[in-house]
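Colleague: Here you go, sequence then predicted model.
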Amino acid sequence: MSDTRKLSITVNGTTHNATVETRMTLVDFLRHELLLTGTHVGCEHGVCGACTVLVKGVSVRACLMLAVQCHGATVHTVESLAQGEPQGKLNVLQQAFQDHHGLQCGFCTPGMLMTLTEFLRDHPDPSEAEVREALSGNLCRCTGYQGIVDAALAAARKMREEVDESK
Amino acid sequence: MDTPEKLTGFGASVKRKEDPAFLRGEGQYIDDLHLPNMLHASFVRSPYAHACIGKIDKSAALALPGVHAVLTFADLPEPARVNTLPCLVPHPAIKQLKLPYALAKDEVCYAGEPVACVVADNRYIAEDAAQRVEVDYEPLDAVNNCRDAVEDGAPLAHAGAESNIAARFLVKVGDADRAFAGAAHVFREKIYQHRGGAFFIECRGVVAEFDKPRGAFTLHVASQGSHRIKRSLMEMFPLADHEVRVLTPDVGGGFGPKGSFYPEYIDVAVAAEMLGRPVKWISDRREDFMATHQERDQYWDMEIAVDASAKIIGVRGQLIHETGAYTPWGIVLPWITATTVPGPYVIPHLKLDVLSVFTNKIQTTPVRGAGRPEAVTVMERLMDRVARELKLDRAEVRRRNFIQPSQMPYKVGIIFRDGRPVTYDSGNYPACLDGALKKSDYANFPARQAVARKDGRYIGIGMAIAVEATGLGPYESATVRVATSGRITIYTGASPQGQAHKTTLAQIAADQLGVDYTDIDVVTSDTAAVALGMGTFAARTAVNAGNSVHVAAMEVAAKAKKIAAGMMECLEDDLELAGGHVRLKSAPDVKKPLREIAGRAFGMPGFSMAGGLTPGLEHTAHFTPDQSAYSNSAQVAEVEVDIETGEVKILRHTVAHDCGRVINPMVVDGQVVGGVAHGVGNALYEELKFDDQAQPLTTNFGEYLLPMAADVPRVDLVHLDTPSPLNPLGVKGAGEGGTISAIGAIISAVENALEPFGVRIAEAPITPMRIVELLGEHAKGRTA
């Protein structure tokens, strides 16, 4: 019964060639075929944001996108965030989450991080209200968002300082 | 002891050990488990809230390639056809105990009740097949609402039941009726609180394995306590202790409902045994809306009697609590609710007639707050009413009625759900409220309100005060073990879902063992690692597991010193633990590593240890609290209401919170702030709607609104730390207070904002639509 297609996809810098069912969602492909389980599934209808990943640098709901739609695309997941850091180090945003208690159960966290990775790249100096607006597509039931907002603002500050230093 | 290690122990806001893995996407949640040969389950669920089940035709489903089994009630092994799921907390007041089977037998009592379990190569095929299972249903009248359910002639939630009343009991102090007769003022309020849910971002899930040669099950469950899941399984099946192991992996939020025992866990285990392969089931969000326990449907009809100076003489009334289709937690919720009503106030006479009532909706069991938010909201509505009627400041009415610190320990005169009299152990309620009022600049609010009203803005302020039973027993297990490698591990039945047990429990042990908290591993909720356990719910882990760890670590430290004293030929009193060693206080360089001491404690083959210490550098403790430790909180909300759209914006939110001594202030702040967000949802947004045949109408996050980042205010915190005298650490629970007093405070603030229109609020949530409706009902000459 299954309709399949060939898929070539580059995830976190590694290219994978696979034959997948056309109906398989991107998030199921990442989690259950590539075993990149950092991307989570919270609602399967595009509201909670736990499955947020970057496709061609743009945030998408991996539960609402089919894997085959990503043929030829580059995808970045939470597992990519610390790739450029020295062994054992978190990136600036990840570290800010730990420093500001921006996570409790950790389940929404990968989606939060990916949403903010895109947002802070495009808005290096956001206000608190802008951060809260940017996070409105990501649900968290543990933290009350305060730690997440604080982490985002602190990370933005740190990233601006690093840019200034490199000038 | 001024060693640097001390800085990371009890009381330090150290960073969480859990975080790096979670931040890298390396958490191990239930759906991250990929076992070889694993199959996937999907459930056929009743589309009706109440129906008889006729013939079930599985043939079309079984014909689908990749389908391995379709289980119905008839396919279950005998114990699961004889036994229902167990009641976790039986109680003599329960007149009718109704519990589900692992798959519906002949009647379904809520929409979403599991009827068949389909197992296939993958989830996609399993869902395809589930749609092909044909079930003949004969719909029965359903009852949607607990208030309707107690009326004469109401449809019965269970065919053949004597009535819809599961339990009825009286909670009584003094003689309320006599006291009311002579009261200067009596005010009556009818209040409705609607059901919401936990809505953890990770849905429920289970993976079951069956090892045929050993005849043993291993279940991985996204739970709030592996040991209670194991116990429930053993109530249904005649399994030996070694034939079931339950593990709880990282859990993406619990908030109560993951602490329940659900039919799917049994079905998946049965399928794993039958098929000889591991089977995984992960709830999707629609299933979560239909088949994960919910909470908070209650109707209240209450009266308060006060004297001329606003001092409470008595409170009386009726609480109709909706248990939903079944009673898996007995009457825990209505009992907690009823006994939380008195709160921080002196109430000489109290009489509550409490009914727990069946409906054809998914059952209610504890959700963050567990009956307490409802009670606090009701009591605080009554206090606001007294203030309004007697034209007194709302804070002043509370002050006149507070139990004073000098009255501690204070006997309320009723029995709590832990079987012990409600006796508040410690707390300073006047100081708590004053702290919140001061921080929120309550004194200057009238000026702020006057300015706003001149601008045509409607702002309001409200408050609520709660006393909260936390740290419920019976116990929690903790084994502290120094391995012969020198590595230190804590094993406990406590079962975190975000509360940072792996950090906070390590902090407690670090103090005793003279190491950094990062040197201690914490293994939670594995029934093979520690024999007994209760799990994490009811804000109980700091008190129960925390003190067990404290006691166990102290014993291990004492044992290490005894052994070292023998090895070093000195007195135990001359020794201390620091940096992974036992060393001489007077000469810190003279020391023995814990590794060597643990090796000595392990023993050598053939050498007698008779007459000496028990083997192993380890100790297991089960701290058993005498009764609950009572936390307290006061919240002040300041809101603005848009009278055209009904939108409520929280301008400022303050929580004064007292949970005794604090293990990790950062973690406690996080618990409180997160709890407030849950309360914001319950106060303003979250509403599970059903039609008159109990058909759920809100089954996704588009229809059911969780608070988002832009909805939840920044919370200002005030800390009090009145130690509990009831446990060695002096701690109380912190996980629920943020929610418990938030709802009442926000509702009060909304009512205060709408004072010019005479709007009275006697319900939660108060949604924008309801606010506009109420303005329509009550508006005094407002022009469009």
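Modeller: Yes, it's here.

Colleague: Local confidence estimate at residue 92?
Modeller: Using chain A here. Reading off the confidence values, A:V92 has pLDDT 98.

Colleague: look at chain B instead
Modeller: Here the pLDDT value assigned to B:P92 is 91.

Colleague: Quick one: neighbours of it, just the number.
Modeller: Burial of B:P92 is recorded as 9 neighbouring residues (other C-beta atoms under 10 Å in any protein chain shown). Glycine gets a C-beta too; all of them are placed from N, C-alpha and C.

Colleague: Just the element for it, please.
Modeller: Using DSSP states H and E, B:P92 maps to neither a helix nor a strand.

Colleague: Over to B:E777?
Modeller: B:E777 belongs to helix B:768-778 when elements are defined using DSSP H and E.

Colleague: surely B:G413 meets B:Y424?
Modeller: No: using C-beta atoms under 8 Å, B:G413 is not in contact with B:Y424, being 11.5 Å away.

Colleague: neighbour-wise, which of those two wins?
Modeller: Taking other C-beta under 10 Å, B:G413 and B:Y424 do not tie; B:Y424 has more neighbours (22 against 17).

Colleague: Stretch B:51-61 vs chain A: in contact?
Modeller: No: for stretch B:51-61, no contact with chain A is found by C-beta under 8 Å from any C-beta of the partner chain; the gap never falls below 13.3 Å.

Colleague: buried set for that stretch?
Modeller: Of all the residues in stretch B:51-61, those buried under the rule 16 or more other C-beta atoms under 10 Å in any protein chain shown are B:51, B:53, B:56, B:58, B:61.

Colleague: where's it relative to the chain centroid, distance-wise?
Modeller: 37 Å (C-alpha atoms, centre = their mean, to the nearest Å).

Colleague: Can you name every helix or strand that the strand or helix carrying A:R157 contacts?
Modeller: A:R157 belongs to helix A:146-166 when assigned by DSSP H and E. Applying 3 or more C-beta pairs under 8 Å, 6 or more residues apart in numbering or on different chains; DSSP states H and E, one finds that helix A:146-166 contacts helix A:92-99, helix A:109-122, helix A:128-134, helix B:665-680.

Colleague: Out of those, which is closest to B:E78?
Modeller: helix B:665-680 (42.0 Å; C-beta to C-beta).

Colleague: The following helix or strand past the closest one relative to helix A:146-166, how many degrees between them?
Modeller: Following helix B:665-680 in sequence order, the next helix or strand is strand B:715-720 (DSSP H and E). Interaxial angle of strand B:715-720 relative to helix A:146-166 (axes from the mean of the first three to the mean of the last three C-alpha atoms, to 10 degrees): 110 degrees.

Colleague: where's the residue nearest to B:K95 when sequence neighbours are not counted, which helix or strand?
Modeller: Residue nearest to B:K95 in three dimensions, not counting chain neighbours: B:A167, with 5.7 Å by C-beta to C-beta, 6 or more residues apart in numbering or on different chains. Secondary-structure assignment from DSSP H and E places B:A167 in strand B:165-173.

Colleague: For that strand, buried residues please.
Modeller: B:165-169, B:171, B:173.

Colleague: for it, what is the average pLDDT?
Modeller: Per-residue scores along strand B:165-173 average to 96.

Colleague: How about residues contacting the helix holding B:E777?
Modeller: Applying C-beta atoms under 8 Å, 6 or more residues apart in numbering or on different chains, the contact partners of helix B:768-778 are B:641, B:643-648, B:750, B:754, B:757-761, B:763, B:782.

Colleague: mind giving me the domain ranges of chain B?
Modeller: B:4-27+B:473-623, B:34-87+B:98-140+B:202-252+B:257-291, B:294-472+B:626-778 (automatic domain parsing).

Colleague: In TSV, list these along with mean pLDDT and distance to A:C43.
Modeller: Below are the domains of chain B laid out as TSV (pLDDT from 0 to 100; distance: least, C-beta to C-beta, whole Å):
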stretch	mean pLDDT	distance to A:C43
domain B:4-27+B:473-623	95	18
domain B:34-87+B:98-140+B:202-252+B:257-291	98	4
domain B:294-472+B:626-778	96	6
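
Colleague: what's the burial count for the closest residue to B:P249 other than its chain neighbours?
Modeller: Leaving aside its sequence neighbours, B:P249 sits nearest to B:Q28 (C-beta to C-beta, 6+ apart; 5.0 Å). B:Q28 has 12 neighbouring residues, counting by other C-beta under 10 Å.

Colleague: Tell me the pLDDT of B:Q28.
Modeller: At B:Q28, pLDDT is 98.
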